[in-house]
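1. Sequence isn't available, so here's the structure alone:
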Ligand SMILES: NC(=O)C1=CN([C@@H]2O[C@H](COP(=O)(O)OP(=O)(O)OC[C@H]3O[C@@H](n4cnc5c(N)ncnc54)[C@H](O)[C@@H]3O)[C@@H](O)[C@H]2O)C=CC1
Ligand SMILES: O=C(CO)COP(=O)(O)O
């Protein structure tokens, strides 16, 4: 299957590098300087510094050229850009190309996950989602990584998992599209909380409590949205939550850390949780799901809740059972 990747940032470049081991990959991006660096120097210093890229990646600026003959198209731009990117691609997209959605987020204006956005913009296309604990730099460097790819059509998921896996990049196939998306989007919000806790110097015990109680929120909300609990316990839920809450290699954690320390966040890299927090909190509220950590992150980000007050509010919650017994 011939592959094209849309988005030449860290993750798009890393996924193109894996897919390019099995054949030529077109990488569609916007910045001529990045395209030039990839084609001439086999590197992407703007987004993946220090990593040598295979010669089988071709960076392309023209959608028609990039997508010609593509059987699989990976969409790897930030979640909030997905709808606009679909509209840009439509005239050039081969009708039967399978779309693999790799962004982790919730569309802030609609509350839709990526698959619903793409189904609305490009109806009738075969769609899969890919998510799981995987830092772009690790994947591009060939370090062992495992992720989940889900499509409603199980045979499509299996075929895509085979095509996109690499020697150290293991893709587990599944059919729970919503579960994979919910895990990937919600863990970003929770990683901001974990980073803020570290920035406030609350210690490793608080960190563990946040990750654990955060996972309860991810599970409750994910299940209320229709996710299979086993997916949420898997790579794209618990797995990615653990990774993203583990340190500053995560941009969401780094963003929270800066908030906790009172540092400026303006120049930080993309942190998808910033855009998903308020809508995640709203989705929880609308479904009557208790999600105090997600609510706290949303409040910190919209400026209504000082970071220190968020901690006090979480600690002041009434004591309760850890879980209800039948
Ligand atoms: N970096 C990582 O380790 C991982 C990232 N992801 C997810 O992948 C998605 C992309 O993240 P990164 O590549 O890391 O971000 P990035 O910030 O490194 O790159 C974003 C890319 O999207 C392009 N872009 C931004 N707005 C655009 C628009 N309106 N139209 C077309 N292109 C646009 C930028 O030019 C850039 O090439 C995010 O949803 C992220 O959560 C998922 C797994 C790992
Ligand atoms: O999704 C990721 C790892 O799985 C990347 O996390 P950050 O976007 O927080 O860097």
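-> Sure, I can see it. Note that the structure is predicted; figures quoted are calculated from it, not measured. Ligands and ions are numbered 1, 2, ... in the order given.

2. Surely residue 252 is in contact with residue 186?
-> No: taking contacts as C-beta atoms under 8 Å, residue 252 lies outside contact range of residue 186: 11.1 Å. Heads up, the C-betas are built off the backbone N, CA and C, glycines and all.

3. And those two? Which one has more around it.
-> Remark: of residue 252 and residue 186, residue 186 carries more neighbours, 34 against 28, as counted by other C-beta atoms under 10 Å.

4. The more buried one: what secondary structure?
-> Under DSSP: H, G, I helix; E, B strand; the rest coil, the three-state class of residue 186 is helix.

5. And it, how close does it get to ligand 1?
-> 12 Å (C-beta to the nearest ligand atom, to the nearest Å).

6. ditto for residue 200
-> Taking C-beta to the nearest ligand atom, one finds residue 200 at 24 Å from ligand 1.

7. Contact partners for the nearest residue to that residue once chain neighbours are set aside?
-> Nearest non-adjacent residue to residue 200, counting by C-beta to C-beta, 6 or more residues apart in numbering: residue 260, 4.3 Å away. By C-beta atoms under 8 Å, 6 or more residues apart in numbering, the contact list for residue 260 reads 195-201, 307.

8. If any of those residues are buried, put those into a PyMOL selection.
-> To isolate the buried members of these in PyMOL, using 16 or more other C-beta atoms under 10 Å:
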select buried, resi 195+196+197+198+199+200+307
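
9. Which of the contacts of residue 260 fall within helices?
-> Among the contacts of residue 260, DSSP state H puts 195-199, 307 in helices.

10. Could you work out the most separated pair of those residues?
-> Greatest spacing in the ones in helices among the contacts of residue 260, by C-beta to C-beta: 198 and 307 (11.7 Å).

11. Without its sequence neighbours, what residue ends up closest to the residue minimising distance to the centre of the chain?
-> With distances taken as C-alpha atoms, centre = their mean, residue 104 lies nearest the centre of the chain, 2.5 Å away. Among residues not flanking residue 104 along the chain, residue 184 sits closest, at 3.7 Å (C-beta to C-beta, 6+ apart).

12. Just give me the neighbour total for the one you found.
-> Counted with other C-beta under 10 Å, residue 184 comes out at 33.

13. quick one: the residue nearest to residue 200 from residue 130, how far?
-> 31 Å (C-beta to C-beta, to the nearest Å).

14. List of residues touching the helix or strand harbouring residue 38?
-> Assigned by DSSP states H and E, residue 38 falls within helix 32-41. Under the criterion C-beta under 8 Å, 6+ apart, residues 8, 13, 27, 29, 43-47, 53, 57-61 lie in contact with helix 32-41.

15. In this protein, what residue lies closest to ligand 1?
-> Here the chain gets closest to ligand 1 at one residue, residue 9, 1.7 Å apart by C-beta to the nearest ligand atom.

16. so that residue touches residue 81, yeah?
-> No: using C-beta under 8 Å, residue 9 is not in contact with residue 81, being 10.6 Å away.

17. quick one: low-confidence ranges for the chain?
-> Counting by pLDDT under 70, the chain has no low-confidence residues at all.

18. before we move on, the earlier item: does ligand 1 have contacts with the helix holding residue 38?
-> No: using C-beta under 6 Å from any ligand atom, helix 32-41 stays clear of ligand 1, with a minimum separation of 6.9 Å.

19. domains in this structure, as residue ranges please.
-> 3-175, 179-316 (the TED database).

20. Can you lay out these as JSON lines showing distance to residue 325?
-> Below are the domains of the chain laid out as JSON lines (distance: least, C-beta to C-beta, whole Å):
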{"stretch": "domain 3-175", "distance to residue 325": "30"}
{"stretch": "domain 179-316", "distance to residue 325": "15"}
